[in-house]
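> Provided below for reference: sequence and predicted model.
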Amino acid sequence: MSKMLIARVPLAIALIGGFAPAQQPEPIQTVPPKVVKPVPRLTFTDRMKQYLQRTGSTMDESKSTPDMVVSNYPDAKGGKVTIVLVNDRRKNLLGFYIYNFGSLKSSANKEAVYKYLLGANDSITVGSFFVDGDDDIGYKYLVSSAQPMNQAAFDYAYFTMAAVARERKPEIKKLLGPVSDKDEKPPEVKKAAEEKPPEKD
């Protein structure tokens, strides 16, 4: 019996000794916190400039403002399509606008033009044609800017609009008919009309 007791004592000591370190608190290791620098928030102009660079388009800085970017997309035939990007802060919308299709002011075929524009709106997948308060024909696409648009979505809208404008412009001009000299706008005004921003509601 004493042999059994002697054998149990070292076993008990070994068991108690094994648990002892586990009961002691671990020393606290202090890791210095990582300093996360805030990512600078891009302005509307900077973000649009990044998107445009990846599309091969240029930005006309002389005509752009903090909430409006005038861009030029090169045409395969050597021309260009001017697409105006507008940041509507009040409505949280990003607007793509194309002008320079012509004006209904002096057109004898207003009904035929409206019919064509309505038919075009039914068949195109991005945006819609409209006639503004000055009777100028435009093409627009509005998207929510609550969440920033990614490059793929921007490219899709931008390239589709440029293609629709190139395809539809000759037919719209043809339907409008010839422009009389008295209604002909001076070149500077015509150029500005191509890039004019939409009217704010």
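Alright, I've got the coordinates. Treat the numbers as computed from the prediction; the structure is a model and nothing was measured.
> all helices of the chain, in order?
For the chain, helices defined by DSSP state H occupy the ranges 2-23, 44-55, 110-123, 151-176, 187-194.
> quick one: contacts for residue 103?
The contact partners of residue 103, taken as Cβ atoms under 8 Å, 6 or more residues apart in numbering, are 134-137, 176, 183. Every residue, glycine included, has its C-beta placed from N, CA and C.
> now with 7 Å?
135-137 (Cβ atoms under 7 Å, 6 or more residues apart in numbering).
> can you put those residues in a markdown table and add neighbour count, pLDDT and distance to residue 124?
As requested, the contacts of residue 103 are arranged in a markdown table below (neighbours: other Cβ atoms under 10 Å; pLDDT from 0 to 100; distance: Cβ to Cβ, whole Å):
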| residue | neighbour count | pLDDT | distance to residue 124 |
| --- | --- | --- | --- |
| 135 | 13 | 93 | 21 |
| 136 | 18 | 94 | 19 |
| 137 | 24 | 95 | 14 |
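> in strands, which of those appear?
Using DSSP state E, the subset of the contacts of residue 103 located in strands is residue 137.
> which one of the contacts of residue 103 is nearest residue 121?
Closest to residue 121 out of those is residue 137 (12.0 Å), distances taken as Cβ to Cβ.
> could you pull up phi and psi at the nearest residue to the closest one once chain neighbours are set aside?
Counting by Cβ to Cβ, 6 or more residues apart in numbering, the nearest residue to residue 137 once its immediate chain neighbours are dropped is residue 101, at 4.0 Å. The phi and psi torsions at residue 101 (degrees, to the nearest 10) take the values phi -90, psi -20.
> same thing with residue 77?
The phi and psi values for residue 77, taken as degrees, to the nearest 10, are phi -90, psi 10.
> how close does it sit to residue 176?
In this structure, residue 77 and residue 176 are 21 Å apart, going by Cβ to Cβ, to the nearest Å.
> low-confidence stretches in the protein?
Within the chain, the stretches falling below the threshold (pLDDT under 70) are 1-29, 31-32, 38-40, 179-201.
> okay, now residue 164: neighbour count?
21 (other Cβ atoms under 10 Å).
> on that earlier part again, report the separation between the residue nearest to residue 137 and residue 135.
Here the criterion is Cβ to Cβ. By it, residue 101 lies 11 Å from residue 135.
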